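**Student:** here you go, sequence then predicted model.
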Amino acid sequence: MVSLADSPTATAPKKRLRTGGTLNRILMVLLLTVVTIWLVVPFTMAVLWSLVDPETGWNYPDLLPPSLTVLRWVEVWTTTALPQAIANSYMLAPTVAVVTLLLASPTAYCFARYDFPGKGLAQVATLLPLVVPGFVLAIFFSSLIFSLGIYSRFLSILMAHCVLFLPYAIRIMTVSFGQVRQDLIDAARDLGASPFAVFRAAYMPALLPGILASLIIVFIQSIEEFAIAFIVGAPNFTTIPSILYSYLGYNFIRPNAAVVSLILVVPNVLLMLGLERLLKSANPAQMGGKG
Amino acid sequence: MTWRRTLLIVALLTPGLGVILVMIGSVFYVAVMQSFGYYNLVGEDSFSLEHWQKVLDSKQFSRALSYSAYIAVVAAIGSVILAYPIAIWLRRPFRGSLVISALLKAPLFVPGLVASFLFLNVIAFHGIVNQLLMWIGATDAPIRLQNDRGAWGVVFLQLWKNLPFALLLLTGAVQSISDEVLDAARDLGAGSFDRFRKVIAPLTVQAMQASLIIIFIGAAGDFAFQVTAGPTNVQSMAQYMVFLKDSFGRWNQAAVVGVSLMGLALFGSLVLAVLARVVLRGGARW
């Protein structure tokens, strides 16, 4: 993206900015209202629903629940498979993140530091997992692993998630490897550094933000992924999204769904904000843009 | 290139690109073969067009295909149309523009199922929408808005989720147009609509095509929004495919739907991309 720093210089743009001021203020107020309606209201309602007292309920025509309690949270935690699902998701996601990074790095290194015929095509081909519809991938991947005789759900989902999220890791790491400066590598070598010392001095500082970004984005994507976890994992291996789906499907239990939604979304938003701080210059949303 | 160098590059590409190609390739292969009667979980493998015939003859399939195509077209074109004015507005930084773009991007980080759930709460019997309708006197009792037959709920969710994505791509493209170009157009007497049609749109056509393609493919393969908020009298392609697989394990027929869904994704996104180029280039004779 082009930086926002190429600011207007002469007097003419100033005038335009001033006349745009009132309009912008009106647009701002309008947009903030819209954003309130489309973010704040829905999330507030989810929080309220998760705190509804089962004794009194929350029925028409009450605008707000008559009484609030954390009973639902306790109940969902103690009587459902949620703790197991959380354990599964949070065991799976870090493994996926690390394995994906390890698989992506050589390819990213190659894209960033070598020129070869067909490189453009190869880079486009890495985007393939993003253009195959998720449920098609999930169903026929499960068919594939049945015929291969792989019965470990964890291993199957791990494999599928790694492939699905490789495009993100490859793209982020390609940028990072491109930022490693050749003169630093040469200088370290000239000073007699061992390959490991060269890596630590010349590569690591440039790669670190990319490594963290890649780990966080793949981690979040893996926690949130539904199609593969649901199709391949069912019925034994539950993750947080598949539990949420069970409360939204045939047995629609609103307060339980509210609890699970918040458990799913809040840690990821916090991680994303952390990432945003980590990469002030880069744009994590663009790298992680998901459908 | 020396053979050593070639070998090195192949070795480097294998764990990343190689794994992607093998895996996506085999999934595609299994889907196609299964649709023609191979890779059966039970029973003998043999070539057969029976599964294609059965699925293509069913009314459910043609309804699912046209429904998914409709949702995908509306989602892709709608998101881009809504995102353009905002992207142009956010082209120059102003006080609060960063906050606004961050807030607008927020739905990108909300998983589909959570988005569905949030939406279902808002349109519930005592959700804010019904309360508002009754307060302004549009209705006496709350209306059932969930799973509406016109699929407005699904369309709304698609736009909610995909508008930020289109905005992300288009903002980058719009910001890279230099002031000189726009000033020149203005000096030549172009009004704001002409500036959009003849300058901004042709210069951002690639970002627009990328948004159209990715949103179309995602919406055509939608399962989560359709199952939770969609009409109950029609299935989306992904939903129909899962239904076939789960009911009596009709894997071969599910494979036919899966292959057709991939075809829809490929064909539809190509048509949209070409259309975007033709329309914009057609409007840019100057």
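**Tutor:** Sure thing, it's come through.
**Student:** now residue 245: which helix or strand?
**Tutor:** In the absence of a named chain, chain A is used. helix A:240-248 (DSSP states H and E).
**Student:** oops, chain B please
**Tutor:** Here B:K245 sits within helix B:237-246, counting by DSSP H and E.
**Student:** close to chain A, is that helix?
**Tutor:** Yes - applying C-beta under 8 Å from any C-beta of the partner chain, one finds helix B:237-246 touching chain A at B:M237, B:A238, B:M241, B:V242, B:K245. All C-beta spots, glycine's among them, are computed from the backbone N, C-alpha and C.
**Student:** mind putting these into CSV with pLDDT and neighbour count?
**Tutor:** Output for these, formatted as CSV (pLDDT from 0 to 100; neighbours: other C-beta atoms under 10 Å in any protein chain shown):
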residue, pLDDT, neighbour count
B:M237, 96, 30
B:A238, 96, 27
B:M241, 95, 31
B:V242, 94, 23
B:K245, 91, 23
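**Student:** residue contacts, the one residue in the stretch 51-200 of chain B that gets nearest to chain A?
**Tutor:** Closest residue of the stretch 51-200 of chain B to chain A, C-beta to the nearest C-beta: B:L118 (3.6 Å). Counting by C-beta atoms under 8 Å, 6 or more residues apart in numbering or on different chains, B:L118 makes contact with A:P42, A:F43, A:M45, A:A46, A:S261, B:V110.
**Student:** try 10 Å
**Tutor:** B:L118 is in contact with A:38-39, A:41-46, A:49, A:258, A:261, A:265, B:107, B:110, B:157, B:160, counting by C-beta atoms under 10 Å, 6 or more residues apart in numbering or on different chains.
**Student:** now do the same for it: helix, strand or coil?
**Tutor:** At B:L118 the chain is in helix, as set by DSSP: H, G, I helix; E, B strand; the rest coil.
**Student:** that one and A:H161: what is the separation?
**Tutor:** Relative to A:H161, B:L118 is positioned 25 Å away (criterion: C-beta to C-beta, to the nearest Å).
**Student:** can you pull the buried residues of the lengthiest helix in chain A?
**Tutor:** Ranked by number of residues, the top helix in chain A under DSSP state H is helix A:82-113. Residues A:82, A:85-86, A:88-90, A:92-93, A:95-97, A:99-101, A:103-111 are the ones in helix A:82-113 that count as buried (16 or more other C-beta atoms under 10 Å in any protein chain shown).
**Student:** is chain B contacted by that helix?
**Tutor:** Yes - contact of helix A:82-113 with chain B (C-beta under 10 Å from any C-beta of the partner chain) involves A:T100, A:L102, A:L103, A:A104, A:S105, A:P106, A:T107, A:A108, A:Y109, A:C110, A:F111, A:R113.
**Student:** okay but the second one is in contact with B:P15, surely?
**Tutor:** Think A:L102. Yes - between A:L102 and B:P15 there is a contact under C-beta atoms under 10 Å: 7.6 Å.
**Student:** name the residues contacting each of these two.
**Tutor:** Counting by C-beta under 10 Å, 6+ apart, nothing touches both A:L102 and B:P15.
**Student:** can you name the element that comes right after the host helix or strand of A:I26?
**Tutor:** Element membership for A:I26, per DSSP H and E: helix A:11-35. Sequence-wise, the next helix or strand downstream of helix A:11-35 (DSSP H and E) is helix A:41-50.
**Student:** tell me the contacts of B:N40?
**Tutor:** Contacts for B:N40 (C-beta under 10 Å, 6+ apart) come out as A:S143, A:S147, B:M33, B:Q34, B:S46, B:G249, B:W251, B:N252.
**Student:** ok, 8 Å please
**Tutor:** Residues in contact with B:N40 (C-beta under 8 Å, 6+ apart) are B:Q34, B:W251, B:N252.
**Student:** filter those residues down to the ones near chain A?
**Tutor:** Among those, the residues within reach of chain A (C-beta under 8 Å from any C-beta) are B:Q34, B:W251.
**Student:** scan the contacts of B:N40 and report the most crowded one.
**Tutor:** Ranked by the number of neighbours (other C-beta atoms under 10 Å in any protein chain shown), the contacts of B:N40 place B:Q34 first, at 27 neighbours.
**Student:** circling back: of the contacts of B:L118, which one scores lowest on pLDDT?
**Tutor:** pLDDT is lowest at A:W38 among those; the value there is 75.
**Student:** JSON lines please, covering the residues of helix A:82-113 next to chain B and showing pLDDT.
**Tutor:** Formatted as JSON lines, the residues of helix A:82-113 next to chain B follow (pLDDT from 0 to 100):
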{"residue": "A:T100", "pLDDT": "98"}
{"residue": "A:L102", "pLDDT": "97"}
{"residue": "A:L103", "pLDDT": "97"}
{"residue": "A:A104", "pLDDT": "97"}
{"residue": "A:S105", "pLDDT": "96"}
{"residue": "A:P106", "pLDDT": "97"}
{"residue": "A:T107", "pLDDT": "96"}
{"residue": "A:A108", "pLDDT": "96"}
{"residue": "A:Y109", "pLDDT": "95"}
{"residue": "A:C110", "pLDDT": "96"}
{"residue": "A:F111", "pLDDT": "96"}
{"residue": "A:R113", "pLDDT": "92"}
